[in-house]
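A.B. asks: Can you look at this prediction? I've put the sequence above it.
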Amino acid sequence: MPDGPGRAGDPSLVRLLADWLPRQRWFGGKDSPIEELSIGTATELQTGDPGLHHLVLDVRQNGATDHYQLLLGVRRDLPERLRPHGIGLLAGTTGITGHAYDAAHDPELTRPLLSHMAGESVIGPLRFRRAPGTGIRTDLDGTPSTAEQSNTSLVFGDAYMCKLFRRLSPGVNPDLEVNLALTRAGCDHIPAVHGWIELAPGGDGAGGEPITLALLSQYLRSATDGWQLALTSVRDWFAQPVPPGPPPAFTPDDAGAAGGDFAAEAERLGAATAQVHRDLGRAFGVTTAPPERLRELAAGMHDQLDAVAAAVPALRPHAAAIRAVFDEVAASAGELPFQRVHGDYHLGQVLRTDTGWVLLDFEGEPARPAAERRAPAHPLRDVAGMLRSFEYAARFLLAVDGNLAPEAADLLELRARAWAQRNRDAFCAGYAAAGGPDPALHAALVRAFELDKAVYEIRYEARNRPSWLPVPLRSLAHLAG
Ligand SMILES: Nc1ncnc2c1ncn2[C@@H]1O[C@H](COP(=O)(O)OP(=O)(O)O)[C@@H](O)[C@H]1O
Ligand SMILES: O=P(O)(O)O[C@H]1O[C@H](CO)[C@@H](O[C@H]2O[C@H](CO)[C@@H](O)[C@H](O)[C@H]2O)[C@H](O)[C@H]1O
C-alpha cells in the first residue's frame, strides 16, 4: 500500500516538486528560479491505493512567497494514462513510497470532491461547501478541461465544472465572491454556482478570511468560447482571395462581407457586458472618484510600464509613446464612476450559449495583488480588455506562423486591422446602446486602458507563454501610434 506525504517535510517530494512545478502551464513564475519550496499544508483526503492528498505548496521566488494548490495522487503502480502527469517516485526516505502524480488527471480521485461538497465535509483545514438551495450529484467523475487556462478545471459529465485555483490568493477568491453576488442580483449572464472548497482561516496565515480553493459551477456544455468563435471568423476572412493589383486597403466592411462575420456577436457581447456592469454596480455599489484618482490611475500605469520594460527589452522602443497616452489621462479633469468590474476581460472569458453570452472568471488579472483585483475600477477598463482581445484574435494566426513571407505577413496585418476595427466598433456600439458609458466619449481613457493591458500582456506572455509574446508586441506599434 502506498503511504502518503502527510509529513510536510518529505525531502524527496519537495525536490521532485521543485523540478516538476516550473513545467506546469498554470505555474505563474516561469521567469524566475524557485528559491525555496516547502509544503505549507498537507491534508489526506483518501487513504489506500490510490491515495489522495491535498497540498498547499509555499514557493519562494524573488524574495516573495506564492501559494499553489495541488491534488496529489499516490499509487503503487502508475498506469500508462497517468504517466504524463507523474511527479516522481517517492522512494520511502521518510516512509513514503509510491508514484506521486497530479491527481486532477485521475477521474477516480476527482469524485470525492463532489461527495465532500454535497455533504459539506470538514477535513483538517479544508471546508467543502454547497451553495444555498442547490443539490450536488455525487455520481460523476471529473476530467480536466482542455481549455487554455491559468488554473485547472474539471468537467463532471454534463453537469458541473470545478475550477481548482492553482495560485492561491489570500481570502475569498473574487470569482466566488462575484458569482455569488451576481446570482443574488438575478444576473442571467453567469453560470450558476453549486459549491466551493475553502481553506480555513489560519491555514496559511492569511488572516481572518478563508482562502477559496475551488469553485463548482454549472457546466455550459453546448457553449463555445468567444476566442474560438472569433478565430473561426478571422480564419474565414484571411482565407478570402486577394484582389489583383496594388496592396489593397481593407475596410472594416470588407472584413464583414467575408462570411463567418463576428460583428453581430460582438455587438451582443457588448450589450451583455453593459448589463453585467449594471448588476455589479447594484451588487457592490458605485462611487464617484475625484480627479486625483485619474492621476493615481496613470501613476499605476507608469509603474507597470517601468517594471515590464525593465524585464522585456522589446517593449522599450514603444515606451515613450505609451507614456504620452498615460500622461494625457493624468492631465484630464472630471469625475469617474468606479465600481467592481471583471478585471481580466477577454474573449476566453465569455461563452456563447444557446441563449446568449455568459461571462466567466471574475478573478481579475492573476499577476496583480489580491487587494488590487477586488478594488473598484472604471468599467471602461473591461471594455478595453475586450478590445485588446479583438486585436489578439486578429493577429494570433499571423504571429504564430513564423514561416510567412514578409509580403504575405504585411497583407495579413492589413486584414487583421480591418477585422479588429469592425468588431471593436460593433462591441462598443452594443455596450453603449445597453447603457454602458460610451467608449467613443472617453477615447483617451480607453486608449490608456488598452495600452496598460497590452503592457500587462507582454509580461504575462513572457512569464507564462513565451511563444505568444509576438502577439501583443505585434499590435503595440499600431496601438501606441
Ligand atoms: N461553466 C462553464 N461551462 C463551460 N465551460 C466553461 C465554464 N467555465 C469555464 N469554461 C471554459 O473554461 C475556460 C477557462 O475558464 P476560466 O474560468 O477562464 O479559467 P482560468 O481562470 O483558469 O483561465 C473558459 O475559457 C471556458 O472555455
Ligand atoms: O484567463 P486568465 O484569467 O487565466 O487570463 C490570463 O490568461 C489569458 C490567456 O489564457 C490572457 O489573455 C491573453 O490571451 C488571450 C488569448 O489566449 C487573449 O484573448 C487576451 O486578450 C489576452 O489578454 C490574460 O491576459 C491573462 O490574464
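C.D. replies: It's in. Ligands and ions are numbered 1, 2, ... in the order given.
A.B. asks: which residues touch the helix or strand hosting residue 230?
C.D. replies: Using DSSP states H and E, residue 230 maps to helix 226-238. Residues outside helix 226-238 that contact it (CB atoms under 8 Å, 6 or more residues apart in numbering) are 148, 255, 258-262, 265, 269, 346-352, 357, 389-390, 393-394, 396-397, 412, 415-416, 418-419, 423. (Glycine included, C-beta is placed from N, CA and C.)
A.B. asks: Figure out how far it is from the centre of its chain.
C.D. replies: Counting by CA atoms, centre = their mean, to the nearest Å, helix 226-238 is centred 20 Å from the centre of its parent chain.
A.B. asks: Quick check: residues of the stretch 1-150 of the chain near ligand 1?
C.D. replies: Within the stretch 1-150 of the chain, the positions lying close to ligand 1 (CB under 6 Å from any ligand atom) are 145, 147, 149, 150.
A.B. asks: which non-adjacent residue is nearest residue 17?
C.D. replies: residue 37 (5.9 Å; CB to CB, 6 or more residues apart in numbering).
A.B. asks: The strand or helix carrying the one you found packs against which elements?
C.D. replies: Residue 37 belongs to strand 36-46 when elements are defined using DSSP H and E. Helices and strands touching strand 36-46, by 3 or more CB pairs under 8 Å, 6 or more residues apart in numbering; DSSP states H and E, are helix 11-20, strand 51-61, helix 107-118.
A.B. asks: Now do it against strand 51-61: the angle between them, please.
C.D. replies: Counting by axes from the mean of the first three to the mean of the last three CA atoms, to 10 degrees, strand 36-46 lies at 160 degrees to strand 51-61.
A.B. asks: CA atoms only: put strand 36-46 into PDB for me.
C.D. replies: Only the C-alpha atoms of strand 36-46 are listed here, as PDB (Å, rounded to 0.1, in the frame of the first residue of the first chain):
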ATOM      1  CA  GLU A  36      12.700  27.600  -1.800                       C
ATOM      2  CA  LEU A  37       9.700  25.300  -1.900                       C
ATOM      3  CA  SER A  38       8.000  23.800   1.100                       C
ATOM      4  CA  ILE A  39       4.700  22.100   1.800                       C
ATOM      5  CA  GLY A  40       2.500  24.500   3.700                       C
ATOM      6  CA  THR A  41      -0.400  22.200   4.400                       C
ATOM      7  CA  ALA A  42      -0.900  18.600   3.600                       C
ATOM      8  CA  THR A  43      -4.400  17.000   4.100                       C
ATOM      9  CA  GLU A  44      -5.100  13.400   3.500                       C
ATOM     10  CA  LEU A  45      -8.400  13.000   1.600                       C
ATOM     11  CA  GLN A  46      -8.300   9.300   0.800                       C
END
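A.B. asks: buried residues in the lengthiest helix in the chain?
C.D. replies: As assigned by DSSP state H, the longest helix anywhere in the chain is helix 406-433. Of the residues in helix 406-433, 409, 411-413, 415-432 count as buried by neighbour count, 16 or more other CB atoms under 10 Å.
A.B. asks: Likewise for stretch 228-243?
C.D. replies: 228, 229, 230, 231, 233, 234, 236, 237, 238.
A.B. asks: any chance of these in a markdown table, with distance to residue 181 too?
C.D. replies: Supplementary listing: these in a markdown table, determined by distance: CB to CB, whole Å:
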| residue | distance to residue 181 |
| --- | --- |
| 228 | 28 |
| 229 | 28 |
| 230 | 29 |
| 231 | 32 |
| 233 | 33 |
| 234 | 35 |
| 236 | 39 |
| 237 | 39 |
| 238 | 41 |
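A.B. asks: How many neighbouring residues does residue 477 have?
C.D. replies: Other residues near residue 477 come to 12 when the count uses other CB atoms under 10 Å.
A.B. asks: Which residues are in contact with it?
C.D. replies: Here residue 477 is in contact with residue 318 (criterion: CB under 8 Å, 6+ apart).
A.B. asks: Not counting its neighbours along the chain, what's nearest residue 166?
C.D. replies: In space, residue 166 is closest to residue 26, 4.0 Å off (CB to CB, 6+ apart).
A.B. asks: So the one you found is in contact with residue 150, correct?
C.D. replies: Yes - here residue 26 lies in contact with residue 150, judged by CB atoms under 8 Å, at a distance of 5.7 Å.
A.B. asks: could you check the angle helix 107-118 makes with the strand holding residue 37?
C.D. replies: 80 degrees.
A.B. asks: Just the element for the residue positioned nearest the centre of the chain, please.
C.D. replies: Compute the mean C-alpha point of the chain, and by CA atoms, centre = their mean the closest residue is residue 150, 5.5 Å away. Counting by DSSP H and E, no helix or strand carries residue 150.
A.B. asks: count of neighbours near residue 314?
C.D. replies: Number of residues near residue 314 (other CB under 10 Å) recorded here: 14.
A.B. asks: Before we go further, it is sitting in a helix, right?
C.D. replies: Yes - under DSSP: H, G, I helix; E, B strand; the rest coil, residue 314 falls within a helix.
A.B. asks: which non-adjacent residue is nearest it?
C.D. replies: Sequence neighbours aside, residue 473 is the residue nearest to residue 314 in space, at 5.5 Å (criterion: CB to CB, 6+ apart).
A.B. asks: State the distance from that neighbour to ligand 1.
C.D. replies: Counting by CB to the nearest ligand atom, to the nearest Å, the gap from residue 473 to ligand 1 is 22 Å.
A.B. asks: The closest residue to residue 68 other than its chain neighbours: neighbour count?
C.D. replies: Excluding the flanking residues, the one nearest residue 68 by CB to CB, 6+ apart is residue 57, at 4.6 Å. Residue 57 has 25 neighbours, counted by other CB under 10 Å.
A.B. asks: what about the closest residue to residue 113 other than its chain neighbours, which SS state?
C.D. replies: Nearest non-adjacent residue to residue 113, counting by CB to CB, 6+ apart: residue 162, 6.3 Å away. Here residue 162 is recorded as strand under three-state DSSP.
A.B. asks: Check which helix or strand the residue in the stretch 351-481 of the chain positioned nearest to ligand 2 maps to.
C.D. replies: For the stretch 351-481 of the chain and ligand 2, the shortest gap (CB to the nearest ligand atom) falls at residue 389, measuring 3.4 Å. Assigned by DSSP H and E, residue 389 falls within helix 380-400.
A.B. asks: re the thing from before, wait, does the helix holding residue 230 contact ligand 2?
C.D. replies: Yes - counting by CB under 6 Å from any ligand atom, ligand 2 has neighbours in helix 226-238: residue 227.
A.B. asks: tilt between that helix and helix 406-433?
C.D. replies: 130 degrees.
A.B. asks: any idea how far the residue nearest to residue 68 lies from residue 125?
C.D. replies: Here residue 57 is placed at a distance of 15 Å from residue 125 (CB to CB, to the nearest Å).
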